[in-house]
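Novice: using only what follows, build the 3D model:
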Amino acid sequence: MNIILGSQSPRRRELMAGLDIPFTSIIIDADESYPPHLQAGDIPLYISRAKAHAYEEKLQENDLLITSDTIVWLNGHMLGKPKDKAEAKQMLMQLSGQTHQVYTSVCFTWRAPRNNATTQNNAIPNHTTLHHSLVDCTDVTFRTLTNEEIDYYVEKYLPLDKAGAYGVQEWIGYVGVTRMEGSYFNVMGFPIGRIYQWLMDNHMIH
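Specialist: This is a model prediction of the structure:
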């Protein structure tokens, strides 16, 4: 399969590269809004599928598209990417001294021959688009952070492209995270172990 990673995240690209599997990466322009009734893991599930739908018409035979989305979930509320430094600091104050959940959804999209398809003037496509999605969850606990620590991290690392305003692989993760249950790489935004296992189980790689 020609694996296509639909992500602009350098962290996801780095983790995918770590599997030593050839792939290409693209940026998908998709609407990342979601219905307000969705909760927890259903939010990134919806968004990762929306990213797939935005590109699936361009897929060729033997292409496998991987799209993903990550959110931070704290006490029944989602923390997405902060719009500015002030909101980033506010998010970290909320996470300070608390346990939150990180949900990542991964959507696999590919084309397969359509059974018993008949074509006339190419009006009926001879393939169908298939999807498979998974959701991973990790519990993350922060110790109580000082205002000085929060200010230092936000000013130096500018975590405006990260859900919940932090990267676990950065300074704030080194000094602030006291406990984690689940996949570390899921907190980075890509549960790479589960992705590899799915690719192997479904003979997408060998």
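Novice: tell me where the model's unsure across the protein.
Specialist: Low-confidence segments of the chain (pLDDT under 70): 115-126.
Novice: ok, now with 80
Specialist: Under the criterion pLDDT under 80, the flagged ranges of the chain are 113-127.
Novice: all helices for it, in order.
Specialist: 10-17, 42-55, 85-95, 147-157, 171-176, 184-188, 192-201 (DSSP state H).
Novice: which one of these lies closest to residue 62?
Specialist: Judged by Cβ to Cβ, the one of the helices of the chain that comes nearest to residue 62 is helix 192-201, at 14.0 Å. Every residue, glycine included, has its C-beta placed from N, CA and C.
Novice: may I see the buried residues of that closest one?
Specialist: Neighbour-count burial for helix 192-201 flags 192, 194, 195, 198, 199 (criterion: 16 or more other Cβ atoms under 10 Å).
Novice: can you list the helices of the chain in CSV and add distance to residue 141?
Specialist: As requested, these are exported to CSV (distance: least, Cβ to Cβ, whole Å):
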stretch, distance to residue 141
helix 10-17, 21
helix 42-55, 21
helix 85-95, 9
helix 147-157, 16
helix 171-176, 9
helix 184-188, 12
helix 192-201, 21
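Novice: residues in contact with the residue most central in space within the chain?
Specialist: Most central residue of the chain, judged by C-alpha distance to the mean C-alpha position with Cα atoms, centre = their mean, is residue 69 at 2.9 Å. The neighbours of residue 69, taking Cβ atoms under 8 Å, 6 or more residues apart in numbering as the test, are 32, 43, 44, 45, 47, 48, 51, 104, 105.
Novice: do residue 62 as well
Specialist: The neighbours of residue 62, taking Cβ under 8 Å, 6+ apart as the test, are 1, 2.
Novice: could you do the one 5 residues further on as well?
Specialist: With contacts taken as Cβ under 8 Å, 6+ apart, residue 67 has the following neighbours: 6, 7, 28, 48, 49, 51, 52, 55, 106, 107, 109.
Novice: which one of those is nearest residue 155?
Specialist: Ranking the contacts of residue 67 by separation from residue 155, with Cβ to Cβ as the measure, puts residue 7 on top at 26.7 Å.
Novice: just give me the neighbour total for that closest one.
Specialist: Counted with other Cβ atoms under 10 Å, residues neighbouring residue 7 total 22.
Novice: that one against residue 13, yeah?
Specialist: Yes - at 6.7 Å, residue 7 counts as touching residue 13 under the criterion of Cβ atoms under 8 Å.
Novice: quick check: neighbours shared by these two?
Specialist: Counting by Cβ under 8 Å, 6+ apart, the residues touching both residue 7 and residue 13 are residue 25.
Novice: from residue 38, how far off is the nearest residue to residue 128 once chain neighbours are set aside?
Specialist: What sits nearest to residue 128 in space, not counting adjacent residues and going by Cβ to Cβ, 6 or more residues apart in numbering, is residue 114, at 4.7 Å. Shown here: residue 114 relative to residue 38, a distance of 31 Å by Cβ to Cβ, to the nearest Å.
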